[in-house]
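**Student:** Below are the sequence and a predicted model for it; my questions follow.
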Amino acid sequence: MSLPEFDGRHILVIEDEHIVAEALSRCLRTCGAVIVGPAATVEQALNLLETSDQIDGALLDIDLRGIRAYAVADDLIARGVPFVFATGFETNIPDRYRHVTVIQKPFDVAETAAALFPIV
C-alpha cells in the first residue's frame, strides 16, 4: 500500500496508548502531516482544539483512559473538523456518529493514514 500525501495538513492525534500515538504520529509525519498533540485524555484533546490555530483532521480513540471521548467528537463536529474513530472495544457507537469512519484496533498505521486521508 502506498502512503497518501498530507501536504502539511494539521492532524490532531487523540490516543491514550503512548506507543500507538507515537507510531501513528510518525507515520503521518512521513506522509507530510503536521501533528497536533498527541492528546491522551479528553481534557487534553479539548484544550488542543481550543488553543490550536489549525486542525485539518483528527484521529480519535473512542475510549481515553476509561472515558468515552464523545465530547471531543462533538467539538470536532461543531468546529467542522473531519475525523475518524479508532477503537479496540467499542462497537455500539451512537447513531449521531453514523457518518464517521471507524477503524478497529489493532490496525496498520499505513491503512489508518489511508482511511484518514480522504476526509482531510
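**Tutor:** Noted; the coordinates are in hand.
**Student:** Pull up the distance across stretch 87-101, start to finish.
**Tutor:** Using CA to CA, to the nearest Å, the end-to-end distance of stretch 87-101 comes out at 11 Å.
**Student:** Stretch 89-105 now?
**Tutor:** So stretch 89-105: terminal residues 8 Å apart, CA to CA.
**Student:** the strands in this structure, which residues?
**Tutor:** 10-14, 34-39, 57-61, 63-64, 67-68, 83-87, 102-104 (DSSP state E).
**Student:** so how far is the first one off the chain centroid?
**Tutor:** Counting by CA atoms, centre = their mean, to the nearest Å, strand 10-14 is centred 6 Å from the centre of its parent chain.
**Student:** Can you point out the buried residues in the longest helix anywhere in the chain?
**Tutor:** For the chain, the longest helix by residue count, based on DSSP state H, is helix 18-30. By neighbour count on 16 or more other CB atoms under 10 Å, the buried set for helix 18-30 is 20, 21, 24, 25, 27, 28. To be clear about C-beta, it is placed using only N, CA and C from the backbone, and glycine gets the same treatment.
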